[in-house]
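In: 3D, please:
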Amino acid sequence: DCGVAVNPDIVRAQMESGIVFGLSAALYGEISFKDGIVQQSNFHDYPVLRIGDMPRIEVHIVKSSEPPTGVGEPAVPPIAPAVVNALFAATGRRIDRLPLRPMA
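Out: Reported below is the predicted structural model:
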């Protein structure tokens with residue numbers, strides 16, 4: 001609950017960007033090391049979802065009487081569990097590692 005949505009457009013934008021970040025992390029978010037050095041240095045070698053890869057997102061803001069709070073992170077934590085549980089529902093296979101890899 002972000003409390004009263006002082007600026008609903010910013011709430012929507014924050015939720016949408018959190019979903020993009022969460023999906024990108026679940027699907028591609030691997031950080032690898034070689035000789036103690038991180039191999040991903042920027043977006044050319046750390047893939048993120050691009051606009052053409054994104055699903056349609058609908059953000060619904062629920063009225064609240066609570067004081068306004070932050071809205072930067074709430075969209076991120078539920079994304080990976082939602083994706084892997086959807087895959088479990090579709091395939092019957094549990095996934096316990098991220099980023100996701102094609103199933104054999």
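
In: got the contact list for the lengthiest helix in the chain?
Out: What stands out as the longest helix in the chain, according to DSSP state H, is helix 8-28. Defining contact as CB atoms under 8 Å, 6 or more residues apart in numbering, one finds that helix 8-28 is touched by 2, 5, 46-49, 54-55, 57, 59, 61, 71-80, 83-84, 98-100. (Glycine included, C-beta is placed from N, CA and C.)

In: Now the element after that helix, going C-ward?
Out: Using DSSP states H and E, the helix or strand that follows helix 8-28 towards the C-terminus is strand 33-34.

In: what pairs with the very next helix or strand once past that following strand, and is each one parallel or antiparallel?
Out: Proceeding C-terminally, strand 33-34 gives way to strand 37-38 as the next helix or strand, assigned by DSSP H and E. Here strand 37-38 has these sheet partners by DSSP bridges: strand 33-34 (antiparallel).

In: Report pLDDT for the residue lying farthest from the centre of the chain.
Out: When distances are taken from the C-alpha mean of the chain, residue 35 lies farthest, 29.4 Å away, according to CA atoms, centre = their mean. The predicted local distance difference test score for residue 35 is 98.
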